[in-house]
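> I would like to see how this sequence folds:
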Amino acid sequence: MRLSNLADYAVVTMSAAARHCGGGRTSASELASETGLPVPTVQKVVSKLSAAGLLRSTRGAGGGLQLARPAAAISVADIVEAVEGPIALTPCVTGSECAVEENCAVKPHWPVVNAALRGALADISLVQLARTETQETEVA
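Down below sits the predicted model:
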């Protein structure tokens, strides 16, 4: 499995946003600067993350972006699904046409595989991703 670039950028953007927790709001421009991503890309990602309820945007003076819930309550699975939709390794699980569906003995097992993958991604919180190298060495 390989994440799309947009899902990767969403994880990177959310990690940067999480580092602002407790420090007030941030902006798409600031997140772009911190991550090295282009501003239009960050704006697109922020839009998807906001629609999924992971980021909250406030307009006006003192406005900006902030996590919609604590970083510990946001997982990699949440972020990936906000951009990609439900985690599914094969299209047949999501109802797409399959040329070998009638003879496929594996199809009934894909939901188990997908649940395991989603579970693994759900076990990684945004707090873990937001840690800097310095913080990781201090913990070790």
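
> quick one: contacts for the residue nearest to Gly62 when sequence neighbours are not counted?
Leaving aside its chain neighbours, Gly62 sits nearest to Arg25 (7.4 Å; criterion: CB to CB, 6 or more residues apart in numbering). In this view, the C-beta of every residue, glycine as well, is placed from N, C-alpha and C. Applying CB atoms under 8 Å, 6 or more residues apart in numbering to Arg25 gives the contacts Thr58, Gly62, Gly63, Gly64, Leu65, Gln66.

> Quick check: phi and psi at Ser75.
In terms of degrees, to the nearest 10, the main-chain angles of Ser75 are phi -110, psi 170.

> Quick check: bridge partners of it?
Beta-bridge partners for Ser75, by DSSP bridges, are Ser125.

> who's in contact with it?
Ser75 touches Leu121, Ala122, Asp123, Ile124, Ser125, Leu126, counting by CB under 8 Å, 6+ apart.

> Return the residues in contact with the third one.
Residues near Asp123 by CB under 8 Å, 6+ apart: Ser75.

> Report the separation between it and His109.
21 Å (CB to CB, to the nearest Å).

> Could you say which helix or strand holds the residue nearest to the spatial centre of the chain?
Note on the chain: the residue nearest the mean C-alpha position is Ile79, at 1.9 Å, using CA atoms, centre = their mean. Using DSSP states H and E, Ile79 sits within helix 76-84.

> what's next to that helix, contact-wise?
Helix 76-84 is contacted by residues 3-4, 6-7, 10-11, 14, 45, 48-49, 51-52, 54, 87, 118-119, 121-122, 124, 126, 129 when judged by CB under 8 Å, 6+ apart.

> at 7 Å instead, please
In this structure, residues lying in contact with helix 76-84 by CB atoms under 7 Å, 6 or more residues apart in numbering are 3-4, 6-7, 10-11, 14, 48-49, 52, 54, 87, 118, 121-122, 124.
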